[in-house]
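Peer 1: Prediction below, plus the sequence it came from.
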Amino acid sequence: MKMPKINLRVLKNQTQKEIEKAENLKELDEIFKKYLGKRGELTQVLRLLEKLPKTKRVKIGREANELKNFLRTAFDQKAQELKEKAQKKIEEKEWIDITAPGKKPVLGHLHPLTLVKREVEEIFGSMGFSVVEGPEMETEWYNFDALNIPQDHPARDLWDTFYLKNGLILRTHTSPVQVRYMERNNPPFRIIVPGNVFRHEATDPSHEFQLYQVEGLMVDKDVSVANFKAVVGEFFRKFFKKEVKFRLRPDFFPFTEPSFDIGISCVMCDGKGCSVCKEEGFLEVAGAGMVHPNVFKNSKLIPKDWQGWAFGFGLERLAMLKYKINDIRLFRSGDLRFLNQF
Ligand code: FA5
């Protein structure tokens, strides 16, 4: 049989070059198969050996086996090298410096009105007031009639009302909850009612069409304006953390008699007069008064048996004074430059 010409040196050079060029383990495996696999070029040579005459067989056999061992070592070394390279790449990509300071997760924070609402609840809570809630969609009965505001009474014009298609309205104040609560609970009691109210009003630095109010109601056998002043004074002291100048002025609300509004010395201008307090030096923060006998009647309580006072604070106005905010519209603007300061 005529043997094909075998040039082991050429085979060696060629294999070495290809091994050298392999970029990854897959490529290297292909090269291994090409030369040392079942049908690999060197494997073929080894298979043909037995067909050679003995003299040649020994010589070529030794050389071919030496080449096989040499190439195996070369493949192993290259495989090791590629594995290390791949590992290094992964490490570079996934390297973690466990001594580096951690990244703080960005946590949200509470809205300034929520902060103020919670603080108001806590302060009144410390004076024995419970927190009560009522519906934002309200009947005209609770929002007006039960509060001594009959259909044709001009006082209805005090609050510009949003009327809903379902026959209800968006409550214009938190006072309807006074009646809702008194219908179901026997005095004595003290409650506050924080909640959203809605008014079809034009906005300006101190007016919004959606605002938060906190209603307060205290009913007992012998409750007076003096009690009211003491409680409100204590609230202001705790809320502003200092002695605060405030004034009660006669006002009119159909559901209180007498009625007054509460104004606080404007912190923006120190009482000198500015756009927030409309040049008055005082900012109106609440309406208040002694509960009207008709409201007791409409709440199924006997007026001569009970006395009570009530107030309705504007929560935004309190927050404006506390944090020196000069425009009420900022609260619901969603402007993060404003909100992130709290
Ligand atoms: C009332 O809403 C009465 N229900 C308050 C009350 C309760 C009186 C119990 C007597 C007894 P008034 O409309 O004045 O009253 O609103 C009360 C407070 O809400 C105001 O003093 C003010 O602080 C705030 N407020 C009212 N309207 C607005 C508005 N458009 N924007 C911002 N704050 C407002």
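Peer 2: Looks like it arrived, so ask away.
Peer 1: Can you name every helix or strand that the longest helix belonging to the chain contacts?
Peer 2: Scanning the chain for the longest helix, with DSSP state H as the assignment, gives helix 54-94. With contacts taken as 3 or more Cβ pairs under 8 Å, 6 or more residues apart in numbering; DSSP states H and E, helix 54-94 sits against helix 8-21, helix 25-36, helix 41-48. Where C-beta positions appear, they are placed from N, C-alpha and C, glycine not excepted.
Peer 1: Ok, which of these comes nearest residue 244?
Peer 2: Among the helices and strands packed on helix 54-94, the nearest to residue 244 by Cβ to Cβ is helix 25-36 (77.8 Å).
Peer 1: who does that closest one touch, helix- and strand-wise?
Peer 2: With contacts taken as 3+ Cβ pairs under 8 Å, 6+ apart, helix 25-36 sits against helix 8-21, helix 41-48, helix 54-94.
Peer 1: Secondary structure element holding the residue of the stretch 51-200 of the chain found nearest the ligand?
Peer 2: In the stretch 51-200 of the chain, the residue that lies nearest the ligand is residue 173 (3.4 Å; Cβ to the nearest ligand atom). Per DSSP states H and E, residue 173 falls between elements, in no helix or strand.
Peer 1: Ok, residue 272 next?
Peer 2: Short version: residue 272 belongs to no helix or strand, going by DSSP H and E.
Peer 1: Show me what from the stretch 1-150 of the chain comes close to the ligand.
Peer 2: Residues of the stretch 1-150 of the chain found near the ligand (Cβ under 6 Å from any ligand atom): none.
Peer 1: circling back: quick check: closest non-adjacent residue to the residue of the stretch 51-200 of the chain closest to the ligand.
Peer 2: Excluding the flanking residues, the one nearest residue 173 by Cβ to Cβ, 6 or more residues apart in numbering is residue 197, at 5.3 Å.
Peer 1: who touches whatever helix or strand that neighbour lives in?
Peer 2: Secondary-structure assignment from DSSP H and E places residue 197 in strand 189-198. Contact partners of strand 189-198, identified using Cβ atoms under 8 Å, 6 or more residues apart in numbering, comprise 117, 120-121, 124, 127-134, 136, 162, 170-174, 177-178, 181, 209-219, 315.
Peer 1: Now intersect the residues you listed with the strands, please.
Peer 2: Among the contacts of strand 189-198, the ones falling in strands (DSSP state E) are 130-131, 170, 210-219.
Peer 1: Quick check: which of the helices and strands packed on helix 25-36 is buried the most?
Peer 2: Sort the helices and strands packed on helix 25-36 by mean neighbour count, taking mean count of other Cβ atoms under 10 Å, and helix 41-48 sits at the top with a mean of 16.
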